[in-house]
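**Q** I'll drop the sequence and a predicted model, then ask my questions.
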Amino acid sequence: MVTTLTYDDYYAAEFKDEFATAVQIWNAAVSNVQIVKAQPGQRVNIRIYADNNWPRATLGPIRSTGSGSVWMGRTAVNQGYNVVRIATHELGHSLGLPDRRTGLCSDLMSGSSAPVSCSNAQPSAAERDQVQRNYSGFFGTKLDAKPTVITDSAGK
């Protein structure tokens, strides 16, 4: 069974195209969860914002009955980090992947611990497998659970 998550990029400002690319990357990488742009009047699972802070996201896995947010922080963009990599990384948090500060460019979830020059926006096999496991069955969403927001910042 495929879980479909919707996203709204109304507040993504200049980063809408990069998030559309990040959605395509995740949709090609995993088979049991798909992310689609919400249509007017449709429930939104992931809201995307742009601001001047560090990128951050609600840690999932977001379910079709739940919601979370992703912020494209211009601080990382202004420091030269690859925008598509950031967008794909932050959506990875929504899909249930925590930061793994390995420093490796090949690990999408290494985030800002990888060199600024890193442009790899593809999840590793282990990251794809974890998302597949996260969505292998529907376990519902705790309505009383307080969401955790993961902030990605260099050196922290």
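**A** All right, it came through fine.

**Q** buried set for the longest helix anywhere in the chain?
**A** Looking across the chain with DSSP state H, the single longest helix is helix 16-29. Neighbour counts over helix 16-29 (16 or more other CB atoms under 10 Å) mark 16, 18-20, 22-23, 25-26, 29 as buried. (Each C-beta comes from the backbone N, C-alpha and C, glycine too.)

**Q** same question, stretch 77-84
**A** Taking 16+ other CB under 10 Å as the criterion, stretch 77-84 shows 77, 81-84 as buried.

**Q** Just give me the closest of the residues you listed to residue 97.
**A** If you rank the buried residues of stretch 77-84 by distance to residue 97 using CB to CB, residue 84 comes first, at 16.4 Å.

**Q** separation between the closest one and residue 135?
**A** Distance of residue 84 to residue 135, given as CB to CB, to the nearest Å: 22 Å.

**Q** Same question for residue 9.
**A** Per CB to CB, residue 9 is found 22 Å from residue 135.

**Q** Comparing these two, which residue is more hemmed in?
**A** Neighbours per residue, other CB atoms under 10 Å: of residue 9 and residue 135, the larger number sits with residue 135, 25 against 22.

**Q** correct me, but that one touches residue 30?
**A** Yes: contact criterion CB atoms under 8 Å: residue 135 and residue 30 qualify, at 7.4 Å.
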